[in-house]
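Q: only geometry, no sequence info:
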């Protein structure tokens, strides 16, 4: 007789009641145990930052074993004819497994429940995340949909922008303020405007914008209070940057660092004006900010090596949870008629063969019994959804199989974007 005494215990996942203070305490306690935390932030403030709107606790035999949560965010998706449209998506966050319960299916159970809830209860077609460790989320159907480079701009960096851009920058007014929650609505409105200029922007909810501008002296260490640099033109906001200065001296000389949390703009002129102010602040030696490879800030430098910093990193991960709906929500750059076989081992409703069509920028996706022109995983579509990768490159790497010559190029043409996705804020 075979004993099952050591068989894994089933994992139970429960939704946290946001009105239950004890459960929110449990989420925070688990987070502080899973991740290193110096516990300098007062608990009342830490609880205010705990995502109670949508959080889950996984348990094994009645013992809490892991947590996950979700932020209410909007994502700018490529629109037909260029530009982007904002769509509500779920931002997976606060994912952690108790050190005593690793490799027992806790993470899988939490992500499955998040994806099911996103599709079935929220009616949203996409989940996104920022990954602390890159080797985890690919197996759950997420793809790296945008990448960024950590830039390090030296004091007085010259951006070689064309005269037409500089002319617009010269008409832009800049004002610096100390960040505070009363400016959350202004940030939120501007972020929604900027997001429609291109794909990849994450826009936090209004309550989160207000919350994120609250200063916690205990948690910022040697940094100054956060500042907001507003760019205006003709009485309207056209850009903003959230930054802080960390003063240091090296060999008797000022060598501080300007850390930029976000830089958003409606046009290149506003971006240039803000960037030139950020690299010319007294007593600062460098300005650090994550930029997309084709960000104008990088293109205005002599070459990619001029960006400096620490090299390429994944930025946003994207997971399609409802393929037919996601196709209708995304704009298409060319007419299309292909049959795609999709594999999805978690959300099996996405698995199958689909006739993917587009006319006049509008796409549809319906199941079919026809033979497939292309076979791929749901994560391959997440990787290309915002224009940061191509299916052609993924086919060359062996991830995508083409059964009809030219089919991959046709789908790539329909998913093409004028520029790649932007780098976006953390969440």
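A: Sure, I can see it. Since we're looking at a predicted model, the values are computed, not measured. Residues are numbered from 1 along each chain as shown.

Q: is the residue nearest to the spatial centre of the chain in a bridge, and if so with what?
A: Among the residues of the chain, the one closest to the centroid is residue 316, at 3.8 Å (Cα atoms, centre = their mean). When assigned by DSSP bridges, residue 316 has beta-bridge partners residue 146.

Q: wait, isn't it in contact with residue 421?
A: Yes. Counting by Cβ atoms under 8 Å, residue 421 is a contact partner of residue 316 at 7.2 Å. In short, each C-beta sits where N, CA and C put it, glycine included.

Q: overlap in contacts of those two?
A: Overlap of the contact sets of residue 316 and residue 421 (by Cβ atoms under 8 Å, 6 or more residues apart in numbering) consists of 145-146, 200, 386.

Q: of all pairs in these, which one is the farthest apart?
A: Using Cβ to Cβ, the pair of these lying farthest apart is 145 and 200, separated by 7.4 Å.

Q: got any residues that touch both of these two?
A: Joint contacts of residue 145 and residue 200 (Cβ under 8 Å, 6+ apart) are 316, 386, 388, 421.

Q: secondary structure element for residue 59, which one?
A: strand 55-60 (DSSP states H and E).

Q: show the average pLDDT along that strand.
A: Across strand 55-60, pLDDT averages out at 94.

Q: is the closest residue to residue 217 other than its chain neighbours in a helix, a strand, or coil?
A: Counting by Cβ to Cβ, 6 or more residues apart in numbering, residue 217 lies nearest to residue 225, which is 7.7 Å off, once chain neighbours are set aside. The three-state label given to residue 225 by DSSP: H, G, I helix; E, B strand; the rest coil is coil.

Q: sorry, back to before: from residue 422, how far off is the residue nearest to the centre of the chain?
A: Residue 316 sits 9 Å away from residue 422, going by Cβ to Cβ, to the nearest Å.

Q: the helices in this protein, which residues?
A: According to DSSP state H, the chain carries its helices in the segments 21-34, 43-48, 106-120, 163-170, 184-195, 206-212, 268-278, 296-299, 323-329, 378-384, 391-396, 407-415.

Q: wait, which of these is closest to residue 312?
A: Closest approach to residue 312 among these (Cβ to Cβ): helix 296-299, 11.7 Å.

Q: against which helices or strands is the closest one packed?
A: For helix 296-299, the packing partners by 3 or more Cβ pairs under 8 Å, 6 or more residues apart in numbering; DSSP states H and E come out as strand 143-154, helix 268-278, strand 284-291.

Q: go with 7 Å
A: In terms of contacts (3 or more Cβ pairs under 7 Å, 6 or more residues apart in numbering; DSSP states H and E), helix 296-299 is packed against helix 268-278.

Q: avg pLDDT for the helix it packs on?
A: pLDDT averaged over helix 268-278 gives 98.

Q: neighbours around residue 121, how many?
A: The number of residues packed near residue 121 is 10, by other Cβ atoms under 10 Å.

Q: what's the pLDDT at it?
A: Listed pLDDT for residue 121 reads 97.

Q: just read off the phi/psi values of it.
A: Phi and psi for residue 121, reported as degrees, to the nearest 10, are phi -100, psi -30.

Q: brilliant, that's me finished.
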